[in-house]
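Visitor: Mind folding the following:
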Amino acid sequence: MDMRLEVVVLPVSDVDRAKSFYQSLGWRLDADFAGADDFRVVQFTPPGSACSVIFGHGVTAAAPGSTEGLQLVVADTGDHSGHGMG
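Guide: This is a model prediction of the structure:
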């Protein structure tokens, strides 16, 4: 049986700021859906990845910034230097 990790939930405090950040990295915006009761989910996928990240309002009860230990792997850091740093 094949298994794949397809979505990682990231708790954020500012959805629009997080959206701008992932857009600046060149990640593909897959969804930005708003629903009832202030619910909103945003999904991005890094280039070449089968796994996406989602964040928003009402997506998780986890504290913003509490996700630890995730690693984004790139083949050539020269193409990505400076992105996400600082």
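
Visitor: residue ranges of the helices in this protein, please?
Guide: Under the criterion DSSP state H, the chain contains helices at 15-24.

Visitor: Show me what the residue nearest the centre of it is bridged to.
Guide: Most central in the chain under Cα atoms, centre = their mean is residue 53, positioned 3.4 Å from the mean C-alpha point. With DSSP bridges as the criterion, residue 53 is bridged to residue 8, residue 44.

Visitor: how far away is it from residue 30?
Guide: 10 Å (Cβ to Cβ, to the nearest Å). For the C-beta atoms, the positions are set from N, CA and C on the backbone; glycine is no exception.

Visitor: Can you pull the residues that touch both of those two?
Guide: 43-45 (Cβ atoms under 8 Å, 6 or more residues apart in numbering).

Visitor: Name the spans of this protein whose pLDDT lies under the cut-off.
Guide: 79-86 (pLDDT under 70).

Visitor: the strands in it, which residues?
Guide: 7-9, 28-34, 40-45, 52-57 (DSSP state E).

Visitor: Pull the distance from stretch 13-30 to the chain's centre.
Guide: 7 Å (Cα atoms, centre = their mean, to the nearest Å).

Visitor: Stretch 47-56 now?
Guide: On Cα atoms, centre = their mean, the centre of stretch 47-56 falls 6 Å from that of its chain.

Visitor: In it, which residues are buried?
Guide: The neighbour-count check on stretch 47-56 (16 or more other Cβ atoms under 10 Å) flags 52-56 as buried.

Visitor: okay, these in TSV with distance to residue 37 next?
Guide: TSV is the format used below for the buried residues of stretch 47-56 (distance: Cβ to Cβ, whole Å):
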residue	distance to residue 37
52	24
53	23
54	18
55	17
56	12
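
Visitor: So which of the residues you listed is the closest to residue 2?
Guide: Of all the buried residues of stretch 47-56, residue 52 has the smallest distance to residue 2: 17.8 Å, by Cβ to Cβ.

Visitor: What's the local residue count around the nearest residue to residue 54 once chain neighbours are set aside?
Guide: Among residues not flanking residue 54 along the chain, residue 43 sits closest, at 4.7 Å (Cβ to Cβ, 6 or more residues apart in numbering). For residue 43, the neighbour count with other Cβ atoms under 10 Å is 19.
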